[in-house]
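Participant: Here is my input, please return the structure:
(2 chains)
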Amino acid sequence: MEITVTSVPVDDQQKALEFYTNVLGFEKKTDEPVGEASWLTLVGPDSPDGVELLLEPTENPTIDEELEAYRDALVTNGIPWTMFGCEDVEAEYERLSEHGVEFTQEPMTAGNVTMAVFDDTCGNLIQLVQQ
Amino acid sequence: MSSNDDVFQALADSTRRLILEELTDNSEQTLYELCVRLTMEHDIDMSRQGVSNHLEVLEEAGLIASSRRGKYKVLEFAGADQIEAVATWLDRLAEKNTDTETEKR
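Facilitator: Modelled structure (predicted):
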């Protein structure tokens, strides 16, 4: 087995698409309408055939409340929803800060790992890792 | 000194003492940041649940407090009075010990 798609819950798919592509730099891979939402996935620019990131809409009346409570608890305690890898956390920190991205944890290095945590503006914290 | 029992108990654990040091060095950390610092900078191999348990003991002893900063809940050192009381007691003990040593001579 392998990981093909992983997801991040987003408050607003179009707003998320804009942030994840224009600010973070991912590329749109699929955008298939499903009811009122879309099967909307992204890939990293250097790995078009790699793992896809699904922007999962949270507007789902049957699970909304529980999901929101869980997401809020994670954000409240500073816990990231997921982790993205990059080559240079410090450079990304500078670049994203210029875009107004808010970091809840500034780059921190220990051994051969550097990490930072930012707010994806769609309801989640995301950890950046360089190793 | 019975009122200080929970403070001494909280201070009896090395991880909890380290957490106090961390929060005096870097105040207003989220649970996650604190866990990352403990793991990455102090080689503490512990789950967030484990850290949470220690935080509960420290909070009950009044040594740390948590508060909201916008969306986030941050942890900070809040035990200045408690630490001073402990330090006063230790000083007195040390002084008594010095007196006894002097008498012996």
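
Participant: where exactly do the strands run in the chain?
Facilitator: Because you didn't say which chain, this covers chain A. A:5-10, A:27-34, A:37-43, A:52-57, A:82-85, A:103-110, A:113-119, A:125-130 (DSSP state E).

Participant: wait, I meant chain B there
Facilitator: B:64-69, B:72-77.

Participant: Identify whichever of those strands lies nearest to chain A.
Facilitator: In terms of C-beta to the nearest C-beta, the element of those nearest to chain A is strand B:72-77, at 4.8 Å. Using the backbone N, CA and C atoms, a C-beta is placed for each residue, glycine as well.

Participant: Keeping just the C-alphas, turn that closest one into CSV.
Facilitator: Output in CSV follows, covering the C-alpha atoms of strand B:72-77 (Å, rounded to 0.1, in the frame of the first residue of the first chain):
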residue,chain,number,x,y,z
TYR,B,72,-4.2,30.3,21.2
LYS,B,73,-3.8,29.0,24.7
VAL,B,74,-0.4,29.9,26.1
LEU,B,75,1.4,28.7,29.1
GLU,B,76,3.5,30.9,31.4
PHE,B,77,5.4,30.8,34.6
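
Participant: If the nearest residue to A:Phe26 once chain neighbours are set aside is in a bridge, with which residues?
Facilitator: Using C-beta to C-beta, 6 or more residues apart in numbering or on different chains and skipping residues adjacent in sequence, the residue nearest A:Phe26 is A:Leu42, 4.0 Å away. Under DSSP bridges, the beta-bridge partners of A:Leu42 are A:Lys28, A:Leu53.

Participant: mind giving me TSV with the strands of chain A and columns for mean pLDDT and mean neighbour count?
Facilitator: Output for those, formatted as TSV (pLDDT from 0 to 100; neighbours: other C-beta atoms under 10 Å in any protein chain shown):
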stretch	mean pLDDT	mean neighbour count
strand A:5-10	96	17
strand A:27-34	95	12
strand A:37-43	96	19
strand A:52-57	96	20
strand A:82-85	96	13
strand A:103-110	92	16
strand A:113-119	95	20
strand A:125-130	97	20
